[in-house]
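Asks: from the sequence below, what's the structure:
(chains A and B)
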Amino acid sequence: MDLFIAPRAGIWCRSVSGWDQFRAALAAGTEPGNSLAEPIPELLPPREGRRAPLHVRIAIEAATQACQSNSVPLSDVMTVFASAMGDFQITDYMCRTLASTAPMLSPTKFHNSVHNAASGYWSIGAGNRLTSGAIAAGPWTFTAGLLEAASLAVAEAGTTLLIACDIPAPRPLDAVSGNRQPFAAALLVSWQRITPEWRPLRLESRETAGPWPEPGCHWLRVLASENDCARGLPLLEALADQRAVTLAAPLSDFGHVRLHLGN
Amino acid sequence: MRGSWIAGYTVSCAAGVGIAAVRDSIAKRVTGLRQRCWPEANIDTWLGPVAADLSKGWPEALSAWDSRNNRLAWLGLNQDGFREQVTTVIQSLGPARVGLIVGTSTSSIGRTEEAYAAMTPDGRFAATFLQPAIHNPHSTTAFLAHVLGICGPAMTISTACSSSARVVASADRWLRCGTVDAVVVAGVDSLCRSTLYGFESLQLVSRGLCQPFDEHRNGLNIGEAAALALLVPEPAGSAHARLLGYGESCDAFHMSSPHPEGLGARLAMEQALQSAGITAANVGYVNLHGTGTRSNDAVESIALAAVLPPGIPVSSTKGWTGHTLGAAGLVEAVLSMDALTTGLLPGNLNLEKAGSDIAYEVLRENVEARVEVVLSNSFGFGGNNCVLVFGRAN
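Replies: Model prediction:
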């Protein structure tokens, strides 16, 4: 599949918010020392923004950054929300409450428990009625999300925003997931070159397995190993470096997608 | 758009295991719903547990994958010769050229609920529950890829109650983009405490049998199901139906209440008809989302009245199956396609007198009619809508 990718991505992790901070941190080679407060997206009404779960807030923060930094209207993009584990905090709340004999669930937390919660809040906040998917694919969620976003862009002749987001596993779920840090990234892909800055991206299926490519600096290698969706960081690094690159993104135990990012 | 061909399908739910049993329940107008039948939840309602004993027929070799949802997926996979059909296709195309997309809202969360209930005194999972592949939204997809030997892309779509309608649209795109040469799609959701107590907290659970579109309707009955279908890009010898188009939209209104004028539902239906290249007058039957809640049914009928001319047969089949949540999209897509095959249009079960807020006439009795085009409506939390259009294969 041949398509185009926007030159800037949205990103939120514990020390970096936004493309400019990410590029500065890459140039410095070390993680910024500051620890960021959890974002309250301006897209949501203030009360909703404060009350929305962390998973929703960082997904929407990254989504908004990607559209705004590339001057793409929020209401003009199809969306794919990719998350390997969904909202771990809500999963923990639900299962903990349900373990009692006469459980009383919060109706708000129940509707926030759907895997497409961030998609729902996004569509409301952005006033966007275009198709919005929510997917998971275990450790291969980033690649599957990119494939789905690319398929939408090519097959529907449009622009798709991919948001890949996971949050740390609370105890006891930390025994079954290695996610230890929050991370959200958002990438725009389109069937056409929206501006000359957009770069060609080719996706090719390959029938061999292999490891994830490693990010270039230590703190991003740690982040990639501590969040399923942060496995996609090498693609963000390549975007920031403005270099042509070929990456092998695993899609299963049996195959991967070769990503050719041009200039 | 003229899209993929449906080379095979199967469904297992409260109304029967396998398509023949479900057809029979529909023809005889026998519901699969039962009162207070699931000891795991102390809620006064009717439920739609699958019409089989899931404690039986589960191979010892699959014990690492054990969850109610995966057992249900296994049951569904082994009906109607579907597993054999997929095996044949994999042998012909190669395992890497076959993809898998599963729609589910809760996947194996039932097993995670069990793990919490059995936690050690210091708040950890007991050793038997240390199963990363199970406590995971992708559990049932990974399980089906494993047992079928699919090596192509495998993805879970989880957009609440539109999940397994969307799998058909995504599979069609994979085929049109040449990503793979065949796609197995599935919708699997099973009874669990999360959804029972969750819908109860929203006061959307009916104490009696659900009565979609009736004046006395007062909520839904939760069911469980596994539906599977095989999509291919060329007309296979005995294709059941053809995907003619689809529409996907968001309400952009509220997380758990539909847009009061059914705007998102209308957009999805209009987009579906447009992509299929047909007008509303060409539609022969619509399988409705029709959950039995006050707001869903009223809003869906408003959307129908805005899009369709009067007199097109439309009905909900949830009176037979219950609301199978993330599985409902594909269950009802299969029942819609089956109406093309059998010529039997299911009349809405438990509909005595339509509510005064219902803006479109709903079919009450079964009708025999040869139809050319069917629609299937699916709407979910988050305002996520998907409408599929199928036509005859020949």
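Asks: just give me the residue closest to the centre of the chain.
Replies: Because you didn't say which chain, this covers chain A. A:Ala164 (1.6 Å; C-alpha atoms, centre = their mean).
Asks: ah, no, chain B please
Replies: The central residue of chain B, meaning the one whose C-alpha is nearest the mean C-alpha position (C-alpha atoms, centre = their mean), is B:Ala328 at 2.1 Å.
Asks: mind listing what B:Pro313 touches?
Replies: Taking C-beta atoms under 8 Å, 6 or more residues apart in numbering or on different chains as the contact definition, B:Pro313 lies against B:284-286, B:345, B:363, B:367, B:369. (Each C-beta comes from the backbone N, C-alpha and C, glycine too.)
Asks: neighbours around A:Glu207, how many?
Replies: 13 (other C-beta atoms under 10 Å in any protein chain shown).
Asks: taking chain B, what residue is nearest to chain A?
Replies: Relative to chain A, the nearest point of chain B is B:Gly382 (2.8 Å; C-beta to the nearest C-beta).
Asks: three-state assignment of that residue?
Replies: helix (DSSP: H, G, I helix; E, B strand; the rest coil).
Asks: how about the nearest residue to it, chain neighbours excluded?
Replies: A:Gly120 (2.8 Å; C-beta to C-beta, 6 or more residues apart in numbering or on different chains).
Asks: other SSEs contacting the one helix or strand that neighbour maps to?
Replies: A:Gly120 belongs to helix A:117-126 when elements are defined using DSSP states H and E. Using 3 or more C-beta pairs under 8 Å, 6 or more residues apart in numbering or on different chains; DSSP states H and E, the elements in contact with helix A:117-126 are helix A:54-69, strand A:78-82, strand A:132-136, strand A:159-166, strand B:241-250.
Asks: and the first one with helix A:117-126, angle?
Replies: Yep, that's helix A:54-69 we're talking about. 50 degrees (axes from the mean of the first three to the mean of the last three C-alpha atoms, to 10 degrees).
Asks: how far does helix A:54-69 sit from the chain's center?
Replies: Using C-alpha atoms, centre = their mean, to the nearest Å, the distance from the centre of helix A:54-69 to the centre of the chain it belongs to is 9 Å.
Asks: report how many residues lie close to whatever residue of chain A ends up closest to chain B.
Replies: The shortest separation between chain A and chain B is 2.8 Å, found at A:Gly120 (distances taken as C-beta to the nearest C-beta). A count of neighbours around A:Gly120, defined by other C-beta under 10 Å, yields 30.
Asks: before we move on, back to that, I figured the residue nearest to the centre of chain B hits B:Arg166, correct?
Replies: No - taking C-beta atoms under 8 Å as the definition, B:Ala328 is not a contact partner of B:Arg166, at 11.7 Å.
Asks: helices of the chain, start to end?
Replies: Because you didn't say which chain, this covers chain A. Using DSSP state H, the helices found in chain A span residues A:19-28, A:46-51, A:54-69, A:88-98, A:107-112, A:117-126, A:141-155, A:218-225, A:233-241.
Asks: wait, chain B
Replies: B:19-28, B:68-77, B:82-93, B:109-117, B:139-148, B:163-176, B:193-201, B:263-276, B:294-307, B:318-321, B:328-342.
Asks: just to revisit the earlier point, of the contacts of B:Pro313, buried ones?
Replies: Under a neighbour-count criterion of 16 or more other C-beta atoms under 10 Å in any protein chain shown, the subset of those counted as buried comprises B:284-286, B:345, B:363, B:367.
Asks: so the residue of chain B closest to chain A sits against B:Ser163, correct?
Replies: No - applying C-beta under 8 Å, one finds B:Gly382 not in contact with B:Ser163, separated by 10.9 Å.
Asks: who's more crowded, the two?
Replies: Neighbours around B:Gly382 and B:Ser163, counted as other C-beta under 10 Å, are more numerous at B:Ser163. The numbers are 37 against 32.
Asks: low-confidence ranges in chain B?
Replies: Counting by pLDDT under 70, chain B has low-confidence residues at B:1.
Asks: number of residues surrounding residue 219?
Replies: Chain wasn't specified; assuming chain A. Other residues close to A:Trp219 by other C-beta under 10 Å number 16.
Asks: um, chain B though
Replies: With neighbours defined by other C-beta under 10 Å, the count for B:Gly219 comes to 23.
Asks: repeat that for the one 5 residues further on.
Replies: By the other C-beta under 10 Å criterion, the neighbourhood of B:Glu224 contains 31 residues.
Asks: check B:Arg176 too.
Replies: Using other C-beta under 10 Å, the number of residues around B:Arg176 comes to 16.
Asks: A:Leu130 now?
Replies: Look at A:Leu130: counted by other C-beta under 10 Å, it has 23 neighbours.
Asks: surely it and A:Pro73 touch.
Replies: No - taking C-beta under 8 Å as the contact criterion, A:Leu130 and A:Pro73 are not neighbours in contact, 11.2 Å apart.
Asks: that older thread, for the residue nearest to B:Gly382, what are its contacts?
Replies: Residues in contact with A:Gly120 (C-beta under 8 Å, 6+ apart) are A:114, B:250, B:255, B:381-384.
Asks: how about B:Val102?
Replies: Contact analysis of B:Val102 by C-beta under 8 Å, 6+ apart lists B:140-141, B:144, B:154-157, B:164, B:167, B:185-188.
Asks: circling back: residues in contact with the residue of chain B closest to chain A?
Replies: Listed by C-beta under 8 Å, 6+ apart, the contact partners of B:Gly382 are A:114, A:116-117, A:119-121, A:123, A:132, A:134, B:159-160, B:250, B:255.
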